[in-house]
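1. Sequence and predicted structure below; questions after.
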Amino acid sequence: MFALVGPKLNAIEAEIQKNLRSDLGPIDEAGAYLSGGGGKLIRPSLMLLVSGMLGYEGDHDVVLGAVFELIHTATLVHDDIIDEADTRRGRPALNRVLGNEMSILLGDYLYIRSMNMALRARQLRVIDLLAESTERMIEGEIMAHHLRGRSDVTNEQHMEIVRRKTAWLFSGCCRVAGVFGEVDEAQDRLLGEYGMSLGVAFQLVDDLLDLTADQKIIGKPVASDLREGRLTLPWIDLMARGSERDRTDIRFVLETGSFENRSYERLRESLVCHGCLERCRELAEQQAERARAAILTFPEGAHRDVLADLPDMVLTRNK
């Protein structure tokens, strides 16, 4: 992948760094801290790969790749405030360093900064897609906040949050690249389906990693979702299939944010015994296969082949 998009990905990183800096000291300080946190850059990579597959040779994909990453960063900043998170990517979250007020303002600043950057493309369709993606993402945030701490969350509600909060931005990256590649309506639909399915698979794997990954690798405590009041798919499944003791313990952690006097290891064993992790994994694999099928409708080429491999990379990642 880096052989195909490396130079442009480096240009995106430079664009991100540039737009995280400011002549205003407080913004520059916060931006410098954020830029040191790193990131997977999967959304900008999607933008570049789809653009390359479609033969686009301009530089708008670099600017918009940076835009999508900055929007994602703004979301993480606001998420950490809502979740009262202590860490992000293995170091103190921004709200723990600069406080909630400054973090809220910086997140707002990044949203507006991103929109101003996007205007450079001078394409109304790009702005439409970007606004739609951001709107759906914020709707997902609102839904997640509304259901926080509740033990009666359904599979359907959680999947709707996943689609809006995570997958819609993946889809937007692919469809914006399609604007630059001048795709037709059918191809736009397929690019949207690829990004949406890949994004859902990505988030479901994230839900699994929260329960199965090494804490040192993912940079946050295990079972953080449950501690922060969020029922993800495996926990929703266990609420339906587990024992009354399982349900009581899950409700306790949701309400207190702690496993005090409760055994995470016992709950983890229940998740395994009832097949909750396995079913979540199977759903992620189904979504990955849907993504692969959508992208394989495009002509063969190096960029398309990497896009077809990305679903497997999403499924096998460890952080």
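-> Cool, the structure landed.
2. The longest helix along the chain: which residues count as buried?
-> Ranked by number of residues, the top helix in the chain under DSSP state H is helix 185-212. Neighbour counts using 16 or more other CB atoms under 10 Å place 187-188, 190-212 of helix 185-212 among the buried residues. C-betas here are computed from N, CA, C, even on glycine.
3. Stretch 84-95 now?
-> Judged by neighbour count (16+ other CB under 10 Å), stretch 84-95 contains these buried residues: 85, 88, 93, 94, 95.
4. TSV please, covering these and showing distance to residue 251, secondary structure and pLDDT.
-> Listed next are these as TSV, based on distance: CB to CB, whole Å; DSSP: H, G, I helix; E, B strand; the rest coil; pLDDT from 0 to 100:
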residue	distance to residue 251	secondary structure	pLDDT
85	22	coil	78
88	27	strand	79
93	26	coil	85
94	31	helix	87
95	27	helix	89
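5. Which helix or strand lies directly C-terminal to the lowest-mean-pLDDT helix or strand in the chain?
-> Ranking every helix and strand in the chain by mean pLDDT, DSSP states H and E puts helix 215-218 at the bottom, with a mean of 66. As assigned by DSSP states H and E, the chain's next helix or strand after helix 215-218 is helix 224-227.
6. who does that following helix touch, helix- and strand-wise?
-> helix 185-212, helix 244-256 (3 or more CB pairs under 8 Å, 6 or more residues apart in numbering; DSSP states H and E).
7. quick one: which of those is nearest residue 146?
-> helix 244-256 (14.4 Å; CB to CB).
8. any weak-confidence spans in the stretch 101-250 of the chain?
-> 215-220 (pLDDT under 70).
9. do that again at 50, thanks
-> The stretch 101-250 of the chain contains no residues with pLDDT under 50.
10. Quick one, grab the pLDDT at residue 22.
-> Residue 22 is assigned 85 on the pLDDT scale.
11. do you know how far it is from residue 237?
-> Counting by CB to CB, to the nearest Å, the gap between residue 22 and residue 237 amounts to 45 Å.
12. Those two: who's more crowded?
-> Neighbours were counted for residue 22 and for residue 237 using other CB atoms under 10 Å; residue 237 has more, 20 against 15.
13. I'd say the more buried one and residue 282 touch.
-> No - counting by CB atoms under 8 Å, residue 237 sits too far from residue 282 to count as a contact (11.4 Å).
14. What are the boundaries of the strands in the chain?
-> Secondary structure of the chain (DSSP state E): strands located at 87-88, 91-92.
15. Quick check: neighbours of the first one in the sheet, parallel or antiparallel?
-> Applying DSSP bridges, strand 87-88 is found paired with strand 91-92 (antiparallel).
16. give the contact list for residue 85.
-> 79, 93, 95, 96, 220, 224, 228 (CB atoms under 8 Å, 6 or more residues apart in numbering).
17. contacting residues for the last one?
-> The reference is to residue 228. 83, 84, 85, 148, 257.
18. OK, contacts around the first one?
-> Neighbouring residues of residue 83 by CB under 8 Å, 6+ apart: residue 228.
19. confidence score at it?
-> Residue 83 carries a pLDDT value of 78.
20. what's the distance between it and residue 226?
-> In terms of CB to CB, residue 83 sits 12 Å off from residue 226.
21. cool, and the last one?
-> Between residue 257 and residue 226 the computed distance is 9 Å (CB to CB).
22. of the two, who's got more company?
-> The neighbour comparison of residue 257 against residue 226 (other CB under 10 Å) goes to residue 226, with 22 against 15.
23. In space, what's closest to that one - neighbours in sequence excluded?
-> residue 253 (5.1 Å; CB to CB, 6 or more residues apart in numbering).
24. Just give the closest residue to residue 145, not the sequence neighbours.
-> What sits nearest to residue 145 in space, not counting adjacent residues and going by CB to CB, 6+ apart, is residue 82, at 6.3 Å.
25. Could you check how far the spatially closest residue to residue 182 that is not a sequence neighbour is from residue 62?
-> Nearest residue to residue 182 in three dimensions, chain neighbours excluded: residue 54, at 7.7 Å (CB to CB, 6+ apart). Going from residue 54 to residue 62 by CB to CB gives 15 Å.
26. ditto for residue 55
-> Taking CB to CB, one finds residue 55 at 16 Å from residue 62.
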